[in-house]
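Colleague: Okay, sequence plus prediction incoming.
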Amino acid sequence: MTKRPILRIATIVLVVLATGLATACTGEYNPKSNQANDIASLWWVMLILACAVFAVVIGLAAWALFRPRKGPSTMDKPRSQFAFLLVGGAVIPLLILAAVFGYSLDVMGHTGSDQSGQLVVHVTGHQWWYDVEYPQQSVSATNVMYLPAHRQVKIILNSADVIHSFWVPELNGKTDIIPGVTNHLYITDPQPGTYIGHCAEFCGIGHTAMQIKVVVESQDAFDRWVANQGGKSQ
Ligand code: CUA
C-alpha cells in the first residue's frame, strides 16, 4: 500500500478533531447555576463518550485496512462476523445510547424542578424585546433581568406575538416562548455576574438584536434596585 491513503485518512481525522475542538471552544461553556452545571456535566460525558466511540471506530477501520493478510483470519468465518456485527453494531451502541438517554432524563428532571420560596419573574416576548415583570415586587424592566444571587428563581415565559426563545447559556437550557402556551424555567443558585441571553428562535427582522441582559447580584443590591423602582421588597 502506498503512503497516500494513509495521508488522506490522517488528514480527515485531523480535520474532524480540529472541528470538534473549535466547536467546543466557541461554546464558551461556563455554567453559573445548578441547572447549567448539570447540563455542562452531561455535555462533557457525551463528548468523552463520543470521542471514545470515534477512536474505537477509526481504530477498527485502520485495522481492517492495514492488517496483514497472510492466510485466513478468524474474522473470515461467517459466525465470527455475525457475532462481531451483533455485539459491535447493536449491543454496544444500544447500551451506550440507553445510558446517555437515562442520564439525559435525569438532567431534564433536575433542570425543570419546581420549589417553594422562589423568586418569580414573568417574561413576555415581544417583537423584538423582552418585558420582565416581578409580580411579587410589583416592578418591571425591559431587556434586563436583575436576580439575587444564590436564590431559587422561577421564570414564567409567555409571548405577546410570535414564537421567541429565552436562552442564557450560563444559567439554564434554551426554552421557547410560544403564543398561547406558558413555559417555565428554573434557575437555582445563580452566581453573581452579568450574562447575555439571546432569542434563539427566528421571530422576524429584529430577531438578531433581541437580547436580554441578566444581572445576578447580592440580595442587598437586588433589594436596593427594587426599592429604587418603587417596588416592595419581599
Ligand atoms: Cu424573538 Cu427571535
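Modeller: Perfect, I can see it now. Predicted, not measured: the structure shown is a model, and the values here were computed from it.
Colleague: Could you look up the SS state of the residue of the chain positioned farthest from its centre?
Modeller: In the chain, the residue that sits farthest from the middle, by CA atoms, centre = their mean, is Gly71; the gap is 50.4 Å. Of the three states, Gly71 takes coil according to DSSP: H, G, I helix; E, B strand; the rest coil.
Colleague: Is the helix or strand containing Ile187 in proximity to the ligand?
Modeller: Element membership for Ile187 (DSSP states H and E) is strand 183-188. No - shown here: strand 183-188 not in contact with the ligand (CB under 6 Å from any ligand atom), separated by at least 14.0 Å. C-beta: built from backbone N, CA, C; applies to glycine.
Colleague: Partner strands of that strand and their direction?
Modeller: In the sheet, strand 183-188 lines up against strand 152-159 (antiparallel) (DSSP bridges).
Colleague: ok, and what's touching the strand it pairs with?
Modeller: Applying CB atoms under 8 Å, 6 or more residues apart in numbering, the external contacts of strand 152-159 come out as 114-115, 117-126, 147, 166, 175-190.
Colleague: As PDB, could you dump the C-alpha coordinates of that strand?
Modeller: C-alpha atoms of strand 152-159 as PDB (Å, rounded to 0.1, in the frame of the first residue of the first chain):
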ATOM      1  CA  GLN A 152     -34.200  29.800  43.600                       C
ATOM      2  CA  VAL A 153     -35.800  31.600  40.600                       C
ATOM      3  CA  LYS A 154     -38.900  30.600  38.600                       C
ATOM      4  CA  ILE A 155     -39.200  32.300  35.200                       C
ATOM      5  CA  ILE A 156     -42.700  32.200  33.600                       C
ATOM      6  CA  LEU A 157     -42.500  32.600  29.800                       C
ATOM      7  CA  ASN A 158     -45.300  34.000  27.600                       C
ATOM      8  CA  SER A 159     -45.400  35.600  24.100                       C
END
